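Peer 1: okay, predicted coordinates and the sequence, questions at the end:
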Amino acid sequence: MTSKELHDPNRPEGNQAAPRESSAAGKQRVSAARGLDSRSQEAIGRALRAHYDDLVRAPVPDKFMELLNRLEAREQSAKLQRGQ
Amino acid sequence: MSQGSFKDELVAQIPGLRAFAVSLCGSVTLADDLVQEALLRAWSNSDKFQRGTSLRAWLFTILRNVYYSQYRKRAREVQDSDGVFARGIAVSGDQESHLDLADFRKALAKLPAEQREVLTMVGASGLSYEEAAVICGVEIGTIKSRVSRARTKLGELMGLSDRRPGASGRMSLAASRSGAGADSPERVK
């Protein structure tokens, strides 16, 4: 990962948009989103976490473990060939 | 770091990485392709991971780059037909929430990806604003601004905005709204 990759050129906003956004955000606290009272914000926060927790708890397919096992085995056999 | 322990650490990150991927692309099928590609890249670039920094943030960065460089167009094409995002991939629902989760997911799916991803990162996955800013390659203020707009947009989609008194939406907020009418002036500035 290079630092260049961190700054994705495909992200939708142009460079000119970022400074304007950040200066506006500095004046506005995130906890006081425009037009939402605290109860609505809490409800959204709870729903968001419930949604995410559902995803995190979902069973993980075996294929990811199999992939990592293959990568590890390939690396170990490469080490053996190098006599390590 | 030995690759053996690195593998274990990667395995521990898979559920969260997958949740982030689904939130990002809106499709479980695509999300699993994304996770697979991110794991491959993480493995082959493991020497570039700086110990002591957040592996999760590093993996999110990789996965996000894969998504925006290769998958975004595909995600738009399959999102509606797939429809898994709206259903969720797990059967359990959280009864604690006053909002109907299925309706919430539909609203979430309507947000632009760059709003959905920051909301997921700082609102659900526990990443800091600073980490989210590094992952997205933008200023912290931009992250805060996006989170704020994402919440406002979600509120509008679900009829929660106090700026719209009388806009009931389809959401059941009876439990949290009782005692405070939709036109209650409190906290409205």
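Peer 2: Sure, I can see it. Numbering: from 1, shown residues only, chains lettered A, B, ... in the order given.

Peer 1: where does residue B:111 land on pLDDT?
Peer 2: If you check residue B:111, the pLDDT there is 92.

Peer 1: quick one, grab the pLDDT at residue 84.
Peer 2: You didn't pick a chain, so chain A it is. 63.

Peer 1: wrong one, I was asking about chain B
Peer 2: For residue B:84, the model assigns a pLDDT of 48.

Peer 1: likewise the one 10 residues further on?
Peer 2: pLDDT, the model's per-residue confidence, is 44 for residue B:94.

Peer 1: what ranges of chain B fall below the confidence cut-off?
Peer 2: Scanning chain B for pLDDT under 70 picks out the ranges B:1-4, B:75-98, B:161-189.

Peer 1: care to break it down by domain?
Peer 2: B:1-88, B:96-176 (automatic domain parsing).

Peer 1: columns mean neighbour count and distance to residue A:45 on top of those, output as JSON lines?
Peer 2: C-beta coordinates here come from the backbone N, C-alpha and C atoms, glycine included. Formatted as JSON lines, the domains of chain B follow (neighbours: other Cβ atoms under 10 Å in any protein chain shown; distance: least, Cβ to Cβ, whole Å):
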{"stretch": "domain B:1-88", "mean neighbour count": "18", "distance to residue A:45": "15"}
{"stretch": "domain B:96-176", "mean neighbour count": "20", "distance to residue A:45": "6"}
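
Peer 1: can you list those in a markdown table and add distance to chain A?
Peer 2: Converted to a markdown table, those look like this (distance: least, Cβ to the nearest Cβ, whole Å):
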| stretch | distance to chain A |
| --- | --- |
| domain B:1-88 | 4 |
| domain B:96-176 | 3 |
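
Peer 1: those domains: which one's closest to residue A:51?
Peer 2: domain B:96-176 (6.1 Å; Cβ to Cβ).

Peer 1: now the domains of chain B as a markdown table including distance to residue A:59?
Peer 2: What follows is the domains of chain B, written out as a markdown table (distance: least, Cβ to Cβ, whole Å):
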| stretch | distance to residue A:59 |
| --- | --- |
| domain B:1-88 | 9 |
| domain B:96-176 | 19 |
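
Peer 1: residue contacts, residue B:13?
Peer 2: Residues near residue B:13 by Cβ atoms under 8 Å, 6 or more residues apart in numbering or on different chains: B:55, B:56, B:59.

Peer 1: can you rerun that using 6 Å?
Peer 2: For residue B:13, the contacting residues are B:56, B:59, by Cβ atoms under 6 Å, 6 or more residues apart in numbering or on different chains.

Peer 1: next SSE downstream of the helix or strand bottoming out on mean pLDDT in chain A?
Peer 2: When each helix and strand of chain A is scored by mean pLDDT, DSSP states H and E, helix A:17-27 comes last, with a mean of 40. Downstream of helix A:17-27, the next assigned helix or strand under DSSP states H and E is helix A:38-57.
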